[in-house]
Each structure stands twice: as structure tokens, then as C-alpha cells.
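J.: For reference, the sequence and a predicted model appear below.
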Amino acid sequence: MKVARFYAPGDVRLEEAPEPQAGPGEVKIRVRNCSTCGTDVKIHRHGHHHISPPRVIGHEIAGEVVEAGDGVSGWEAGDRVQVIAAIPCGECPDCRRGWMTICPNQESMGYQYEGGFAEYMVVPAKVLAVDGLNRIPEGVGFDEASVAEPLACALNAQEFAGVGKGDTVVVVGAGPIGCMHVRLARARGAEKVFLVELNRGRLDMSANAVHPDAAICGAEVDAVQEVLDLTEGRGVDVVITAAASGKAQEDALRMVARRGRISFFGGLPKDKPTITLDSNVVHYREITIYGANGSSPDHNKRALELIASGAVPVSDLITHRMPLDDVLTAIETVASGTAIKVTIEP
């Protein structure tokens, strides 16, 4: 079978590999879609400290069961499934308290385990142990199901930050995850949602898809002032920084209203992880700042339900579909910002 395997930064190879077999507690699937994201770009360019090469990458995975290993029940050939990306241990104190997104023993598909840029792959026993192999609801395509993983991450962030009825929300970053944040905020009852992006082309493309109440190009106007003008100087209830930008995080503190909430959704580059934050603004205006780290198995299940119900459509966000042979082109397309979501169909 064909796979895309990471060897070193700048060295991802398409190559032939033996078809894997399901061991005890495992399930083998035929990968139907594995979508790409900015993390794949970072891995390709810089590697990742959790990846021990060579490794088949790809972590937004949907497919169909081929066989179940010894000791596995409830799964049969032909079952349509989505696979979690982040795998909590399920046993540590944090997991036992229901905080699976911050499990200190977390592993991931495409990092410690072979990922989805392959024709076939094995779902590890650890995924099944935490109920992380999910049935795809009827009417949901494999391509849509593969996008449930990033939507699950957005769901984790918005639940944690309490996005809800009547809120005014700013999403900073008009990539695929920013688009999902706009739609999810609406589904959760937000009254108004604004989208901020530096790249005019990307902003227009995404705004035409998800129709925010205002689309603000930060390269052309003062985004903070625009948000304040739109809210009559009050600021917004929630700011979600869906971009790897320290300035976006700093600007969030200037956009948010009193008693507002900020979600630092996008992590910062490892070589520049700090920002300047006026602690007195947080103190006197009673601002709450939340982190957001991936998703739990339950978030993935509920993301699939949101897609199936139509509450958060994702099909139209998939702007490019490519075969596995074009995986490097797909990764570069993601990096260029000319697509919303790119999916691989092995």
C-alpha cells in the first residue's frame, strides 16, 4: 500500500509499505479521508518533538473497518468510523476528573502511532480503550467526518470559555478552524460574530463561506478600533484567537468587554511563546483568559452530531480534495492560505 511518511523536516516521502494487520485490541481500517491542517505544515517544515521518525503522519481520519483484532467486539467490516487524534490515557488523575484534553500521558495519531496518510491503518488499542473510535452518523460523508476532529477542538474551547446565548464574539484568524468557530458560536446562540484576518484574500474567501456579521481585515484597518466601533466602545463578550499570533493575543485584551472571556486557542511558536499582558486590565475589568488544548473523545462524538444535525455544516469548507499522491501539494496548499480545508482521499 501507499503511505506518506515523515523522515525529517522537509523530508516527507510517498512510499510503498506492507499492509498492516490488526493485533489484539486493535481495528484495521481502510482510510477514506484524512484531512490536512496547519499542524501538518509545521511537521513537514520543522518536525515535532513528539514524533520519532520515520512516521506516517495525518491525524484527521475517517474510514471503514476492514477487520477487528482478537478481543475486539462491536465492530464489523464495513462500519464507517472516525478516529480521535489525541489519545488520553484514561487513567491519570486528570482523566479521572474528566479533563482528558490535558492528560499528561496523551499520545496522538500520526505522532506516536502511524497516521492516516495511508491506504490502510491500524487504530491502536489505546484509542478503543477510551472509546475514541466513533461511528459516523448516517448522512455524513467520510470527508465531513474527517473534519470532526478540528471541530471537536473548537467545541472544547467554546464550551470552556462559555460561549452562549446573546454573546458577541470575535474570531481572530480566518483559516478552517476560524470558520468552524464562527459557525459553532452561532450554533451555540451567539448574537453577533465578527471575523478578523490579516490576509485579505483569505478573509474574503472565508467570509463568503461563513458570513460573519463583520469581516475585518487587520492589514487595512485597526482591528481593535473596528471591534470597539461595532460594539459602541464596549468590546465583545468573547475573543477567540484562532491564529498562532502573539499580537492577536495582546489585541484580544483590548477588544474584550468588562467581564469578558478570551480563549487562547492558537498556540504560539516555540521560539516566541511570550506576550506582553497588562495584568491590571485583567484585574480591574475582571477578564478571564482560557487556554484550549485539543479535544476529548466525547468532544469528537458531539462534533459528529453537530455535523449530522446541520447545526455546524462543514462540507462546503472542504475546498480541495486530492489523492494521496498529491499529499505534498496538499500541505503546500494549506500553507499558502488559498484553501479553507484540504482533504486527502487515499
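T.: Looks like it came in fine. No experiment lies behind these values; they were computed from the predicted model shown. Residues are numbered from 1 along each chain as shown.

J.: now the helix or strand residue 94 falls within, how far from the chain's geometric center?
T.: Element membership of residue 94 [criterion: DSSP states H and E] is helix 93-96. With CA atoms, centre = their mean, to the nearest Å as the basis, helix 93-96 stands 23 Å off its chain's centre.

J.: Just the strands from the stretch 51-200 of the chain, written as ranges.
T.: 55-56, 60-68, 80-83, 86-87, 107-108, 120-123, 133-135, 168-172, 192-197 (DSSP state E, counting those that start in this stretch).

J.: tell me the contacts of residue 139?
T.: Residues in contact with residue 139 (CB atoms under 8 Å, 6 or more residues apart in numbering) are residue 308. For glycine as for every other residue, the C-beta is placed from the backbone atoms N, C-alpha and C.

J.: Pull out the buried positions in the helix holding residue 94.
T.: Within helix 93-96, the residues scored as buried using 16 or more other CB atoms under 10 Å are 94, 95.

J.: which other residues reach it?
T.: Residues contacting helix 93-96 (CB under 8 Å, 6+ apart): 88, 89, 100, 102, 103, 104.

J.: Show me which of those is closest to residue 258.
T.: residue 102 (28.5 Å; CB to CB).

J.: Would you confirm that that closest one contacts residue 293?
T.: Yes - between residue 102 and residue 293 there is a contact under CB atoms under 8 Å: 6.0 Å.

J.: Could you work out the end-to-end span of stretch 160-167 for me?
T.: 14 Å (CA to CA, to the nearest Å).

J.: try stretch 334-346
T.: 18 Å.

J.: Check the offset of that stretch from the chain's centre.
T.: Using CA atoms, centre = their mean, the offset of stretch 334-346 from its chain centre is 13 Å.

J.: Go through that stretch and flag the buried ones.
T.: 334, 335, 337, 339, 340, 341, 342, 343, 344, 345, 346.

J.: quick revisit: out of the contacts of helix 93-96, which one sits closest to residue 168?
T.: Within the contacts of helix 93-96, the smallest distance to residue 168 is 28.4 Å, found for residue 102 (CB to CB).

J.: Name the nearest residue to the closest one, sequence neighbours excluded.
T.: Closest residue to residue 102 apart from its sequence neighbours, by CB to CB, 6 or more residues apart in numbering: residue 94 at 5.4 Å.
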